[in-house]
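K.L.:
Fold the following, please.
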Amino acid sequence: MNRLLLSAVAALVLVACGGRESAETTGQATAPAGEPAAPVVAEAQPAPAPTEPAATTTLANDGESVDDATASISPIAAAVAANTPDPTAKAPSKWRAGEHYSLLPVAQPVSVGPGTIEVTEIFWYGCGHCFTLEPRLEAWDANGRPEFVKLIRMPVVWNEVTREDARLFYAIEALGKLDELHLAVFREMHVNRNPLTVIAGNRVDTAATENKVREFLGTHGVSAEDFGRVYRSFGVENKIRQAENMSRRYLADHTPMAVVQGKYATDVSMAGGVEQFFEVLTDLASRERGGR
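P.N.:
Here you go, the predicted structure:
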């Protein structure tokens, strides 16, 4: 029996040394040096049959293994888990991806801060459907959109014609007259039948276009000096380049269309009508803000 007792004590000593060496070599927390170790008391009992030691990772100062810590559960936690109902499934949306809207292959960056959802309308001044939609879009922006939504208008840039129309938009924006003149440009083109971009020989005549735009804006109170300051400014040129880049990244192959938070694209036809179009925009924005 004494022989068994000595063997058990020797085994405990070896295990203690192995644990210290492991802690020292792996950088784990160990007891401060110099503190006396707790005495080891061994009862005179038959030694258990030798078994294969289980490989465990010691947690700092608690004496539990990782396996023990993850496998055990307190009675209180077990009771809470037993009485917690399974989460109910979210009600399916009536708008379906691929039918009422499409997911962009790559989500695009947005220009709004946290808590705000960006809705970008992609338009072209020469587009009759854009002109028809514009008053409804203004009404939605003023009274219909959720307060956490920011509407951004982006002129599409496909070619020379759309580039010059985009220049007009960004010039008006730079003058601080977008609210006043955006719809007026549509009316000039589609009601007065006066295209402000001049085509000559299948090309845009940039000089004639500039003169015509200057004249149009002059009738709306924009001085020649203010016009010249912004029309071909670095800021306007940079906005045009950005719009051209985003037209490609949004896969904008028609107008009007809208993109919600750089992820979801839709239009009036996909949504099923004008009323549904604004419902889709509102619901997608709300869903995105709610993280669903």
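
K.L.:
CA only for contacts and neighbour counts going forward, please
P.N.:
Noted.

K.L.:
residues of stretch 132-150 that come out buried?
P.N.:
134, 137, 141, 145-146, 149-150 (16 or more other CA atoms under 10 Å).

K.L.:
likewise stretch 174-193?
P.N.:
Buried-residue list, stretch 174-193, by 16+ other CA under 10 Å: 174, 181-182, 185-186, 189-190.

K.L.:
Among those residues, which one sits closest to Arg241?
P.N.:
Ala174 (15.4 Å; CA to CA).

K.L.:
Surely that closest one touches Arg232?
P.N.:
No - counting by CA atoms under 8 Å, Ala174 sits too far from Arg232 to count as a contact (10.9 Å).

K.L.:
Overlap in contacts, the two.
P.N.:
Common contact partners of Ala174 and Arg232 (CA atoms under 8 Å, 6 or more residues apart in numbering): none.

K.L.:
ok, back up a step: sort out for me which of the buried residues of stretch 132-150 are in helices.
P.N.:
Counting by DSSP state H, the buried residues of stretch 132-150 place 134, 137 in helices.

K.L.:
could the buried residues of stretch 132-150 be laid out in JSON lines, adding distance to Val236 and pLDDT?
P.N.:
Shown next, in JSON lines, are the buried residues of stretch 132-150 (distance: CA to CA, whole Å; pLDDT from 0 to 100):
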{"residue": "Glu134", "distance to Val236": "23", "pLDDT": "97"}
{"residue": "Leu137", "distance to Val236": "24", "pLDDT": "97"}
{"residue": "Asp141", "distance to Val236": "24", "pLDDT": "96"}
{"residue": "Arg145", "distance to Val236": "28", "pLDDT": "94"}
{"residue": "Pro146", "distance to Val236": "30", "pLDDT": "94"}
{"residue": "Val149", "distance to Val236": "25", "pLDDT": "97"}
{"residue": "Lys150", "distance to Val236": "21", "pLDDT": "97"}
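
K.L.:
so which of the buried residues of stretch 132-150 comes closest to Val156?
P.N.:
So of the buried residues of stretch 132-150, ranked by how close each gets to Val156 (CA to CA), first place is Glu134, at 15.1 Å.

K.L.:
Kindly indicate whether the residue nearest to the closest one when sequence neighbours are not counted is helix, strand or coil.
P.N.:
Sequence neighbours aside, Leu183 is the residue nearest to Glu134 in space, at 7.2 Å (criterion: CA to CA, 6 or more residues apart in numbering). Secondary structure assignment for Leu183 (DSSP: H, G, I helix; E, B strand; the rest coil): helix.

K.L.:
With Met154 instead?
P.N.:
strand.

K.L.:
I'd like to know how far it sits from Leu284.
P.N.:
19 Å (CA to CA, to the nearest Å).

K.L.:
Could I get the full set of helices for the stretch 51-200 of the chain?
P.N.:
Ranges of helices in the stretch 51-200 of the chain, per DSSP state H, counting those that start in this stretch, are 66-71, 75-82, 128-139, 160-174, 178-190.

K.L.:
Any chance of those in TSV with distance to Glu99 as columns?
P.N.:
Formatted as TSV, those follow (distance: least, CA to CA, whole Å):
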stretch	distance to Glu99
helix 66-71	45
helix 75-82	40
helix 128-139	21
helix 160-174	29
helix 178-190	30
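
K.L.:
which stretch among those comes nearest Leu104?
P.N.:
Nearest to Leu104 among the helices of the stretch 51-200 of the chain is helix 128-139; the distance by CA to CA comes to 21.7 Å.

K.L.:
in this structure, which helix or strand is least confident?
P.N.:
Of all helical and strand segments in the chain, the minimum by mean pLDDT, DSSP states H and E falls on helix 66-71, at a mean of 32.

K.L.:
check which helix or strand covers Val259.
P.N.:
Assigned by DSSP states H and E, Val259 belongs to strand 257-260.

K.L.:
same for that strand, what does it pack against?
P.N.:
For strand 257-260, the packing partners by 3 or more CA pairs under 8 Å, 6 or more residues apart in numbering; DSSP states H and E come out as strand 117-123, strand 264-266, helix 274-289.

K.L.:
I appreciate the help and will end here.
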